[in-house]
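> Below are the sequence and a predicted model for it; my questions follow.
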Amino acid sequence: MKKLSKTEKYIIAISDPEEYNVFVCPVHGVYAIRKGDKNTACSYCQKQGEKLDNQQALYEQYRKELTV
């Protein structure tokens, strides 16, 4: 995975793993979709992004790092 921008880190930090799934679009970067939504494609290009495997760990790390 490429290095994440500060904005992408914030998206992960505010997306509670209990409520959201986080994906990485190969073109547009990180995006979050509410759990239960069937359409998980990127809203800009409609390509299916890869689900973030370590969402919980990154969520906790970036909340501390960014003091959210």
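The structure has been received and is ready for your questions.
> May I have the phi/psi pair for residue 51?
Main-chain dihedrals, residue 51, degrees, to the nearest 10: phi -70, psi 140.
> what does stretch 41-48 contact?
Residues from elsewhere that reach stretch 41-48, judged by CB atoms under 8 Å, 6 or more residues apart in numbering: 23, 25, 26, 27, 28, 31, 40, 49. Bear in mind the C-beta positions are built from the backbone N, C-alpha and C, glycine included.
> thought residue 20 was touching residue 31?
No: when contacts are counted by CB atoms under 8 Å, residue 20 is not listed as touching residue 31 (9.8 Å).
> Check the burial of residue 26 by counting its neighbours.
Residues lying near residue 26 (other CB atoms under 10 Å) number 12.
> ok, it to residue 47 distance?
7 Å (CB to CB, to the nearest Å).
> Quick check: bridge partners of the closest residue to residue 20 other than its chain neighbours?
The shortest distance from residue 20 to any non-neighbouring residue, by CB to CB, 6 or more residues apart in numbering, is to residue 32 (4.4 Å). Under DSSP bridges, the beta-bridge partners of residue 32 are residue 22.
> got the buried residues for stretch 10-28?
Buried residues in stretch 10-28, counted by 16 or more other CB atoms under 10 Å: 10, 11, 12, 13, 15, 17, 20, 21, 22, 23, 24, 25.
> Now the second one. Nearest residue, chain neighbours left out?
If I follow you right, that is residue 11. In space, residue 11 is closest to residue 30, 4.9 Å off (CB to CB, 6+ apart).
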